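Novice: coords below, sequence missing:
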């Protein structure tokens, strides 16, 4: 497996890091599905160790796996739409280099965790929006195959963040602070999971987005686990930082998501 790292924009610290199978003589024409992981971290940081665990877990399921280190609030003000543009550039990069990276360009999945879910849900809403495309200038169609949202922030007014000034730091356009309001009929199939008693990001975020998808007749699957703290990640020993974050019940989310992707 080869590790690659790609800068995305000039004068930006953002990059895309990937774990890629190299084709041999017998599989040089085989195209793998790909995943781009957008980690959480409250727009102040990401955990590279956790992001790597996500990527390697998908790699073990046959995906060419990447994670996005997007711009943080200390690097851009207001922050949005910078991470959104960086995600678009990531999708465009994979599609431009699909042959070299042995990727099926029509089978790219995007997986967002926590605040990364805000970026991914917004991208799901806007990947084909002409105004957004004018900012990105992509070489390719940016449509992903599917989206996974893990304990996502969807609406900045639903309990996270608690400081209204922080919302203004992140998104100056108040019309874009609630991703559920931007869902259209062209949103791609979406898998969502959350825990009902998440004390940090209320599960109503996931419910609101699922409801918006349902209203637009977009394919979706929603799982609300009855208990679990915020940021459970894989919810297994790979990403656990204490006993409570190693939760075998919640850990089923990954198997369910892979089954869902396979069914698609």
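Specialist: Everything's here; your move. Predicted, not measured: the structure shown is a model, and the values here were computed from it. Numbering: from 1, shown residues only.
Novice: Enumerate the positions of the helix or strand of the chain with the lowest mean pLDDT that are buried.
Specialist: Lowest on mean pLDDT, DSSP states H and E among the helices and strands of the chain sits helix 164-170, with a mean of 89. By 16 or more other C-beta atoms under 10 Å, the buried positions in helix 164-170 come out as 167, 169, 170. Using the backbone N, CA and C atoms, a C-beta is placed for each residue, glycine as well.
Novice: One more: stretch 66-85?
Specialist: Applying a neighbour-count criterion of 16+ other C-beta under 10 Å, one finds 66-73, 76, 79-85 buried in stretch 66-85.
Novice: Mark which of the residues you listed are part of helices, please.
Specialist: Within the buried residues of stretch 66-85, residues falling in helices by DSSP state H are 82, 83, 84, 85.
Novice: tell me the contacts of residue 202?
Specialist: 158, 159, 160 (C-beta atoms under 8 Å, 6 or more residues apart in numbering).
Novice: and which of the residues you listed is nearest to residue 175?
Specialist: Closest to residue 175 out of the contacts of residue 202 is residue 158 (15.8 Å), distances taken as C-beta to C-beta.
Novice: number of nearby residues for the closest one?
Specialist: Counted with other C-beta atoms under 10 Å, residues neighbouring residue 158 total 17.
Novice: heads up, I number from 10, so please use that
Specialist: All right, first residue 10 from here; so that's residue 167.
Novice: for residue 136, what are its contacts?
Specialist: Counting by C-beta under 8 Å, 6+ apart, residue 136 touches 97, 100, 151, 152, 153.
Novice: same check, this time on residue 42
Specialist: Contacts of residue 42 (C-beta under 8 Å, 6+ apart): 71, 72, 73, 112, 113, 116, 117, 118, 154, 270.
Novice: ditto for residue 79
Specialist: With C-beta under 8 Å, 6+ apart, residue 79 has these contacts: 23, 47, 55, 91, 92, 95, 96, 125, 128.
Novice: how near is residue 181 to residue 174?
Specialist: Residue 181 is 12 Å from residue 174, where distance means C-beta to C-beta, to the nearest Å.
Novice: make that residue 254, sorry
Specialist: In terms of C-beta to C-beta, residue 254 sits 30 Å off from residue 174.
Novice: same question, residue 271
Specialist: Counting by C-beta to C-beta, the gap from residue 271 to residue 174 is 44 Å.
Novice: cool, and residue 62?
Specialist: 33 Å.
Novice: what are the ranges of the strands in the chain?
Specialist: 11-16, 24-29, 41-47, 73-78, 112-122, 155-159, 199-204, 229-234 (DSSP state E).
Novice: Dump these into CSV; add mean pLDDT and distance to residue 258 as well.
Specialist: As requested, the strands of the chain are exported to CSV (pLDDT from 0 to 100; distance: least, C-beta to C-beta, whole Å):
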stretch, mean pLDDT, distance to residue 258
strand 11-16, 96, 33
strand 24-29, 97, 28
strand 41-47, 98, 22
strand 73-78, 98, 25
strand 112-122, 97, 18
strand 155-159, 98, 15
strand 199-204, 98, 10
strand 229-234, 98, 7
